[in-house]
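K.L.:
Sequence and predicted model, in that order:
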Amino acid sequence: MSSKPSSSTPPPSVAMGRRAAGVSGAVLRGGGKRLLPFVYAAVTIAVIWELVVVITKPDAAILPSPWQSAQTFAHLVANGELARDVYASLRRVLSAWAGAAVIGIPLGLVMGYSHRFEKIADPFIELLRPISPLAWIPLAILWFGIGEIGKVFVVFIGTFFPIVLTTVAGVKSIDPTLINAGRVYGCTSGISLFRKVILPASLPSIVVGLRISFGMGWAAIIAAELVAAQSGLGFLIANGMEILRADEVLVGMVVIGVLGVMFDSVFRYAHRRLVWTE
Amino acid sequence: MLESIGKALRIRGLSKTYFTRSGEAVEALCPVNMDIRAGEFVAVVGPSGCGKSTLLQILAGITEPSAGEAYADDTRIHGPSIDRSMVFQNYALFPWLSVRRNVEFGLEHKGVPKAERREIAERYLKMVGLSAFADKQTNELSGGMKQRVAIARAFAVDPSVILMDEPFGALDALSRRLLQRELLRIWQEHRKTVLFITHSVVEAIYLADRIVVMTARPGRIRSEIEVDLEHPRDNTSPQFAELERDIYAQLDEELTRSFGLDQDA
Ligand SMILES: Nc1ncnc2c1ncn2[C@@H]1O[C@H](COP(=O)(O)OP(=O)(O)O)[C@@H](O)[C@H]1O
Ligand SMILES: [Mg+2]
């Protein structure tokens, strides 16, 4: 397949973008309006990309046209390879992130509440936190090989610290009279105080931490899969590089970006719906 | 114990010294002795920083005294109890709960079954005129409404003592007058023992059976004044004005002393 179709007809995304912009006021509402900036950025990138291809005429193995890449995307969707890689990456991120939340949130709650416990735990966190999760990849491979555990471990490292730190900050920002009110109105045990006051009061910060850490986990899993994996979006782009398929690399990158934006908006939506304000 | 009969609160030699982070001692409360009868409405006035909140927090059981003891119904106060509820100056409503769930909060911890909880909350929200707001979030309410929810929350657990720390201090003058009248009506109906801290001398005279005037820090009891006026009290009456003058004179003296100006006086 040559680059002819792409140079003679405008990329379909451009045409769609124009149509969408024309009727935006009437048809697109709510979610559509929020999507518009992304559509605008994507269209701009596609146009510049197309121009670069038209002007410099690179080898398709180095830089294919947007149209070619779209066809590769359709192909990878059709043969199920993309779904398999998305599923593999997502499963690793979700399990590591959930594990980090299960351990990090209670730890952060106790650290934020008890000065004594904070003094014990905080030095470890401060010492380990500056080490990028990517720096753990070699050790993860040495310890766990290239199986699932090593990658989950790397993402765990990347998601754990932001969850702990935002939880601690959330607890520390609780108005002390709210805690007094909880105690006066019957939270006599530490457990009930945590459950009924401290946890709900710090929930807004915790949700922000979960969102930020998911983004970090999503970045970390791609890196881990670049180095050591047989599946996943990181594997897709690393493999594309090895077999000189820049189209596959580009498809992988676009999917990583689009999914990242989608997850983030799911979190924003959950935050608006679930979290109290003021 | 004979001396304790009919006394809802008994305070004996209660004092509190705080230690700041730098290790400096702050004497907040000098030994305080006080008795409060069941069903009595006592107001405490005093210069700011004289330990009024500290006294209330000790009685609530959320602060430990440095020395002395306090008894509620002959039981030594040790830790908070739902039998002594509290109204805070900044409302301290739980913003993640609806108005109704805020009022139910204490009942839940008392082990009241769900259906009954709902019914009680409804009754007390009606008492403060907020039935229509039961399912609102607290951030949709004005300051005066929030404090009414807090009052409903305090009465709903049916405590024997209600501790109020400058509950109307953050409200505008009109809301304040309205809430004073409402609190008085509710208190006359339920006859709870109330210990009420305020900066406002007029508010103290309008509401209380007895007014405790405290000295500047470290706080001691300077005087106790019985208010023998019929409710509703008219703040333009000569007796009201006389009391007001007397209490202001005492507070002025304390303020002068606390600024170290006594030699000029
Ligand atoms: N936790 C604390 N640590 C140190 N000092 C405190 C603390 N709480 C109150 N104080 C000090 O104790 C004194 C009395 O405080 P408080 O009881 O709040 O007074 P009031 O309510 O009469 O204004 C003040 O000087 C205050 O600064
Ligand atoms: Mg105070």
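P.N.:
Looks like it came in fine. Ligands and ions are numbered 1, 2, ... in the order given.

K.L.:
Which pLDDT value belongs to the residue in the stretch 51-200 of chain A positioned nearest to ligand 1?
P.N.:
Residue of the stretch 51-200 of chain A nearest ligand 1, by CB to the nearest ligand atom: A:P176 (9.2 Å). C-betas here are computed from N, CA, C, even on glycine. With respect to pLDDT, A:P176 has a value of 94.

K.L.:
Contacts only, for it.
P.N.:
By CB atoms under 8 Å, 6 or more residues apart in numbering or on different chains, A:P176 lies in contact with nothing.

K.L.:
how about the host helix or strand of A:F235: buried residues?
P.N.:
Per DSSP states H and E: A:F235 is located in helix A:233-242. For helix A:233-242, the neighbour count (16 or more other CB atoms under 10 Å in any protein chain shown) marks A:233-240 as buried.

K.L.:
of these, closest to B:A208?
P.N.:
A:L233 (71.0 Å; CB to CB).

K.L.:
Could you list the residues of the stretch 1-150 of chain B in contact with chain A?
P.N.:
Contact residues, the stretch 1-150 of chain B versus chain A (CB under 8 Å from any CB of the partner chain): B:57, B:60-62, B:79-80, B:82, B:84-86, B:88, B:90, B:92-97, B:105-106, B:108-110, B:137-139.

K.L.:
Give the bridge partners for the residue nearest to B:P159 when sequence neighbours are not counted, please.
P.N.:
Excluding its sequence neighbours, the residue lying closest to B:P159 (CB to CB, 6 or more residues apart in numbering or on different chains) is B:S85, at 4.4 Å. Counting by DSSP bridges, B:S85 forms beta bridges with B:I162.

K.L.:
Test my guess that B:S85 contacts B:I162.
P.N.:
Yes - in this structure B:S85 lies within contact range of B:I162 using CB atoms under 8 Å: 5.5 Å.

K.L.:
Which one's more surrounded, those two?
P.N.:
Shown here are B:S85 and B:I162; by other CB atoms under 10 Å in any protein chain shown, B:S85 has more neighbours (28 against 24).

K.L.:
and that one, what pLDDT?
P.N.:
Reported pLDDT for B:S85: 96.

K.L.:
quick one: is stretch B:161-170 near ligand 1?
P.N.:
No - using CB under 6 Å from any ligand atom, stretch B:161-170 stays clear of ligand 1, coming no nearer than 7.2 Å.

K.L.:
Check the offset of that stretch from the chain's centre.
P.N.:
Mean-position distance between stretch B:161-170 and its chain equals 4 Å (CA atoms, centre = their mean, to the nearest Å).

K.L.:
Could you do stretch A:228-241 as well?
P.N.:
17 Å.

K.L.:
any residues touching that stretch, and which ones?
P.N.:
By CB under 8 Å, 6+ apart, stretch A:228-241 touches A:81-82, A:84-86, A:88-89, A:92, A:137, A:141, A:146, A:150-151, A:221-227, A:245-249, A:251-253, A:255-256.

K.L.:
tell me the mean pLDDT over stretch A:102-113?
P.N.:
For stretch A:102-113, the per-residue pLDDT averages 96.

K.L.:
May I see the buried residues of it?
P.N.:
Result for stretch A:102-113 [16+ other CB under 10 Å]: buried residues A:104-105, A:107-113.

K.L.:
Identify the residues contacting it?
P.N.:
Contacts for stretch A:102-113 (CB under 8 Å, 6+ apart): A:117-118, A:121-122, A:159-161, A:163-172, A:194, A:198-199, A:202, A:206.

K.L.:
For A:Q68, give its distance to chain B.
P.N.:
52 Å (CB to the nearest CB, to the nearest Å).

K.L.:
mind checking how far the residue nearest to that residue when sequence neighbours are not counted is from chain B?
P.N.:
Of all residues not flanking A:Q68 in the chain, A:D247 sits nearest, at 5.7 Å (CB to CB, 6+ apart). According to CB to the nearest CB, A:D247 and chain B sit 49 Å apart.

K.L.:
just the buried residues of helix A:233-242 now: which is nearest B:P167?
P.N.:
Using CB to CB, those come closest to B:P167 at A:L233, 58.0 Å.

K.L.:
Check which helix or strand the nearest residue to the closest one once chain neighbours are set aside maps to.
P.N.:
Using CB to CB, 6+ apart and skipping residues adjacent in sequence, the residue nearest A:L233 is A:S89, 4.7 Å away. Applying DSSP H and E as the criterion places A:S89 in helix A:81-113.

K.L.:
Beyond that helix, next helix or strand please.
P.N.:
helix A:115-128.

K.L.:
and that next one, C-alpha only, in PDB?
P.N.:
The C-alpha coordinates for helix A:115-128 follow below in PDB (Å, rounded to 0.1, in the frame of the first residue of the first chain):
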ATOM      1  CA  HIS A 115       2.600  12.000  64.900                       C
ATOM      2  CA  ARG A 116       4.500   9.100  66.500                       C
ATOM      3  CA  PHE A 117       3.700   6.700  63.700                       C
ATOM      4  CA  GLU A 118       4.500   9.400  61.100                       C
ATOM      5  CA  LYS A 119       8.000   9.800  62.700                       C
ATOM      6  CA  ILE A 120       8.500   6.000  62.300                       C
ATOM      7  CA  ALA A 121       7.300   5.600  58.700                       C
ATOM      8  CA  ASP A 122       8.000   9.000  57.000                       C
ATOM      9  CA  PRO A 123      11.800   8.600  56.700                       C
ATOM     10  CA  PHE A 124      11.400   5.500  54.600                       C
ATOM     11  CA  ILE A 125       8.900   7.100  52.400                       C
ATOM     12  CA  GLU A 126      11.000  10.200  51.900                       C
ATOM     13  CA  LEU A 127      14.100   8.100  51.200                       C
ATOM     14  CA  LEU A 128      12.400   5.800  48.600                       C
END
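
K.L.:
From B:H109, how far out is the residue lying farthest from the centre of chain A?
P.N.:
Farthest-out residue of chain A from its mean C-alpha position, per CA atoms, centre = their mean: A:V184, at 41.5 Å. According to CB to CB, to the nearest Å, A:V184 stands 10 Å off from B:H109.

K.L.:
Near the residue nearest to A:G112 when sequence neighbours are not counted, how many other residues are there?
P.N.:
Among residues not flanking A:G112 along the chain, A:V171 sits closest, at 2.6 Å (CB to CB, 6+ apart). Around A:V171 there are 24 other residues, counting by other CB under 10 Å.

K.L.:
And for the one 10 residues further on?
P.N.:
For A:A181, the tally of surrounding residues (other CB under 10 Å) stands at 29.

K.L.:
Now do the same for it: its pLDDT.
P.N.:
For A:A181, pLDDT reads 97.

K.L.:
so it touches B:S85, yeah?
P.N.:
No - if you go by CB under 8 Å, A:A181 and B:S85 don't touch, sitting 9.6 Å apart.

K.L.:
what's around residue 39, how many residues?
P.N.:
Went with chain A since none was named. 17.

K.L.:
other chain: chain B
P.N.:
Quick note: B:G39 (other CB under 10 Å) scores 15 neighbours.
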